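S.K.: Provided below for reference: sequence and predicted model.
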Amino acid sequence: MLKQTPLYNLHLELDAKMVPFAGYLMPLHYGKGTLHEHLHCRSHAGFFDISHMGQCLILGGDAIHELGKLIPSDISGLKSGGQKYTVLTNDDGGIMDDIVITRIDTGLMIVVNAACKDKDFKHLYNHLGGRCCFNELSSQALLALQGPAAASVIDKFSPQAAELSFMQACGTYINGIKCNISRSGYTGEDGFEISVGRHYAEQLACLLLAEDEVEPVGLAARDTLRLEAGLCLYGHELSESISPVEAGLQWLIKKTDVDFPGAYKILAQLERGPEKIRVGLLIDSKIPVREGSIICNSEGIAVGYVTSGSFSPSLGQPIAMALLDPFIVESRSPLHAMVRDHRITVTVTPLPFIPHRYRR
C-alpha cells in the first residue's frame, strides 16, 4: 500500500501527476510541466514536498560522539544550529545513505532519504539506542523552498530564518506555526528546508504557494535541478558498493580519528586512488544518455557507465554523470556512449554543470 504525504490532497488540487516513489505517491510534475518548473526554480522560487524523507532525533550528551563512530566526517565541532552533509558507510566502505545532520541543543536531528529510512533508522537505533535516545519524527512533514526568490519570501514570514547562512538552521514561527528552518536544499540554488508538524503542513504550503514568486515543483524537475548542480542521488551515484572517494565526496572524510565502518578501504583509496571516479559528461547529441549506458573509449572498450542522465533545461542539451576509470579521465581520451543504434560522443566536464548559488 503506497503511503501519502500530508500534502497529497493539495497536490491533486494543483493538477499534479502522481506516481509511486520510495513507497509514496508523489507529484512527478504539475500542469505546466517539468521544463517550466525547472526554469521557474532557477529564476524565481520552487516549492517542493519532501515529506517522504525520514527525520529523526538522536538525543543525549553522547550523541555527537556516538554518531561520529558511524560516519567518515568530523562533527565534533558542530555548533548548535550548524549542519553537516555526510554519509553512513558500511563495513566494506560503501555508502548506506547520504544524510544531513543538524546540531540542536539536546543532541542531533538527522534527515535521511525516503528509500533508505527504514534501514537507516534500524542501523542508527541498533548502534546508538543503548547510549542515546533515538526518536523517529514521524509526526513531522518536510517542505523545501528553492530559488533566487526564496530568501525574500522567507523574510516576509521569518526574518530570523532569512538571516541564516548556508547549512545553518534555527527554530522559528511562520504565521504562528512552529517550525525548524535550515538554509539548505538539493537544487544548487539558495533555499530553505522547513520541518513542520504534519497537521500544519498544508496550511504552511498554501501560505508559501500564495506568494507570486512561488510555484510547485515535482520529482522530475527536482531530479534535473540536482543533476545540473552535480549533486549525488542515492541509488545512482551513491550505493552500498560505491565509496565516498569514488563518488567524489572525499572532502567530507575526516583526517584524524578514522575509526568508522569501512575506513580501511576508504583510506586506502584516498592514498592510492579509487578504481572509478564520478565525473560530469556533456552529450554531443539531442538524444539523452540515460542511467546504465556504457561509456567506451575509441577502441570500443568499456571504461565506465552513466549513473544519471537527462536533458538540461538550463543548458539546452543533454548532460550526465558517470563513474569512469580515472586513467581514462586523466588521459582525456575520446569517449562515446551507445544508445540504441547511435554512437554518441561524450566529453568529460567539471562539476557542477550550473554554478551553485548558496548563501555562504
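M.R.: Nice, thanks for sending it over. Residues are numbered from 1 along each chain as shown.
S.K.: What separation do you get for Met1 and Pro20?
M.R.: 11 Å (C-beta to C-beta, to the nearest Å). (Glycine included, C-beta is placed from N, CA and C.)
S.K.: which parts of the helix of greatest length in the chain are buried?
M.R.: Scanning the chain for the helix with the most residues, using DSSP state H, yields helix 117-128. Across helix 117-128, burial judged by 16 or more other C-beta atoms under 10 Å covers 117, 120-121, 123-125, 127-128.
S.K.: Just give me the neighbour total for Cys133.
M.R.: Using other C-beta atoms under 10 Å, Cys133 has 13 neighbouring residues.
S.K.: Check the one 5 residues further on too.
M.R.: The number of residues packed near Ser138 is 9, by other C-beta under 10 Å.
S.K.: Just send the buried residues of helix 117-128 back as JSON lines, with pLDDT too.
M.R.: Below are the buried residues of helix 117-128 laid out as JSON lines (pLDDT from 0 to 100):
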{"residue": "Lys117", "pLDDT": "97"}
{"residue": "Asp120", "pLDDT": "98"}
{"residue": "Phe121", "pLDDT": "98"}
{"residue": "His123", "pLDDT": "97"}
{"residue": "Leu124", "pLDDT": "97"}
{"residue": "Tyr125", "pLDDT": "95"}
{"residue": "His127", "pLDDT": "93"}
{"residue": "Leu128", "pLDDT": "88"}
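S.K.: With just CA atoms, put the longest helix of the chain into CSV.
M.R.: Coordinates of the C-alpha atoms in helix 117-128 are reproduced here as CSV (Å, rounded to 0.1, in the frame of the first residue of the first chain):
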residue,chain,number,x,y,z
LYS,A,117,14.9,5.4,6.1
ASP,A,118,13.8,2.1,7.4
LYS,A,119,17.3,0.6,7.2
ASP,A,120,18.9,3.8,8.3
PHE,A,121,16.7,4.1,11.4
LYS,A,122,17.3,0.4,12.3
HIS,A,123,21.1,0.9,11.8
LEU,A,124,21.1,4.1,14.0
TYR,A,125,18.9,2.6,16.7
ASN,A,126,21.0,-0.6,16.9
HIS,A,127,24.2,1.3,17.2
LEU,A,128,23.0,4.3,19.3
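S.K.: what packs against it?
M.R.: If you count contacts as 3 or more C-beta pairs under 8 Å, 6 or more residues apart in numbering; DSSP states H and E, helix 117-128 packs onto strand 54-59, helix 63-68, strand 95-104, strand 107-112, strand 133-136.
S.K.: now do 7 Å
M.R.: Secondary-structure packing of helix 117-128 (3 or more C-beta pairs under 7 Å, 6 or more residues apart in numbering; DSSP states H and E): strand 54-59, strand 95-104, strand 133-136.
S.K.: Figure out which of the ones you listed is closest to Leu335.
M.R.: Closest approach to Leu335 among these (C-beta to C-beta): strand 95-104, 25.4 Å.
S.K.: could you check the angle strand 107-112 makes with that closest one?
M.R.: For strand 95-104 against strand 107-112, the angle by axes from the mean of the first three to the mean of the last three C-alpha atoms, to 10 degrees is 140 degrees.
S.K.: the inter-axis angle of strand 95-104 versus helix 117-128?
M.R.: 70 degrees.
S.K.: follow-up on the earlier one: Met1 and Pro20: which is more packed in?
M.R.: The neighbour comparison of Met1 against Pro20 (other C-beta under 10 Å) goes to Pro20, with 11 against 4.
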